[in-house]
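Visitor: Coordinates for the following, if possible.
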Amino acid sequence: MRTLFSLTAFLALATPALADGFTLDSPDLVDGRLPAKFALSEKFGFGCKGGNLSPALTWQGAPEGTMSFVLTIHDKDAPTGIGWMHWVVVNIPVDAAELATGASGDAAKLPAGALETRSDLGSPGYMGPCPPEGESHAYVFTLTALKVAKLPLDANATPALVGFFAKANALGEASLTVTQGRE
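Guide: Numbers count the residues shown, from 1 in each chain. Okay, the predicted model is just below:
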C-alpha cells in the first residue's frame, strides 16, 4: 500500500498542470479552423491539397521558473489507435512568445536554438491536418513549459522520446484544440 501511495504521489507531481493564465493561440485561425494553406500538401500522398504551411502560434503567461518550451500538435482521432503527431518543436527559448507562420523548415523563422524533431511521418517538420474524407479530427496544440533550458535531444528524436523528456521536466501546459475536416 505504501508503494502504491508513493507511486501515486510521484505521478501527481510529475504530471504538468494546465497553468492558470498560461495560454496558447493562433492568429491564423479563421472561425476556429485552419484555412487550406495549412493542410497537408499532395506530395505526402494522403489525398489532401493544402500548402502544408505551419500556422503562427502565440503564447503568454508561462509558469514561474520556465526555462524553455516544447510544442506538439497531436491528432488524437487519427485512425492508428494512438493518434498522430503532426509537429514537434523542442528547445524553444523562454524569451520567445510566438512562432511565425511558415516557421517549419525555415531556421530564420524559428527562435534561435529551437529544434524541429521527427513527427509521425518520420522526419522533422510540420505535417498539416488531413483527416479522412467525411471526418473531422481534433488537433491538440500543446505548449509545455519546462524547468530546463534544453532537452538532450537531436532532430532524430521520436515524438515518444520528446514526450518522455517533456513530461519529466514540465512546469505546466497551455493547449489549443482545433477541429478540422477535409476541405
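
Visitor: Quick check: next helix or strand after the helix or strand of the chain with the lowest mean pLDDT?
Guide: Within the chain, no helix or strand scores below helix 2-14, which has a mean of 40 by mean pLDDT, DSSP states H and E. Tracing the chain past helix 2-14, the next element assigned as helix or strand by DSSP states H and E is strand 23-25.

Visitor: partners of that next one, with directions?
Guide: strand 57-60 (antiparallel) (DSSP bridges).

Visitor: Name the surrounding residues that touch the partner strand.
Guide: Residues outside strand 57-60 that contact it (Cβ atoms under 8 Å, 6 or more residues apart in numbering): 21-27, 69, 71, 97-99, 141, 143, 174, 176. C-beta here means a position set from N, CA and C on the backbone, and glycine is covered the same way.

Visitor: min pLDDT across these, which one?
Guide: Lowest pLDDT among those: residue 21, with 91.

Visitor: Now do the same contact list for the residue lying closest to that residue once chain neighbours are set aside.
Guide: Sequence neighbours aside, residue 61 is the residue nearest to residue 21 in space, at 3.7 Å (criterion: Cβ to Cβ, 6 or more residues apart in numbering). Residues counted as contacts of residue 61 (Cβ under 8 Å, 6+ apart) are 19-23, 174.

Visitor: mind putting the residues you listed in CSV, distance to residue 155 included?
Guide: Below are the contacts of residue 61 laid out as CSV (distance: Cβ to Cβ, whole Å):
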residue, distance to residue 155
19, 28
20, 33
21, 32
22, 27
23, 28
174, 24
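
Visitor: Adding neighbour count and distance to residue 135, write those residues out as a markdown table.
Guide: What follows is those, written out as a markdown table (neighbours: other Cβ atoms under 10 Å; distance: Cβ to Cβ, whole Å):
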| residue | neighbour count | distance to residue 135 |
| --- | --- | --- |
| 19 | 18 | 32 |
| 20 | 9 | 34 |
| 21 | 10 | 34 |
| 22 | 21 | 31 |
| 23 | 16 | 28 |
| 174 | 23 | 27 |
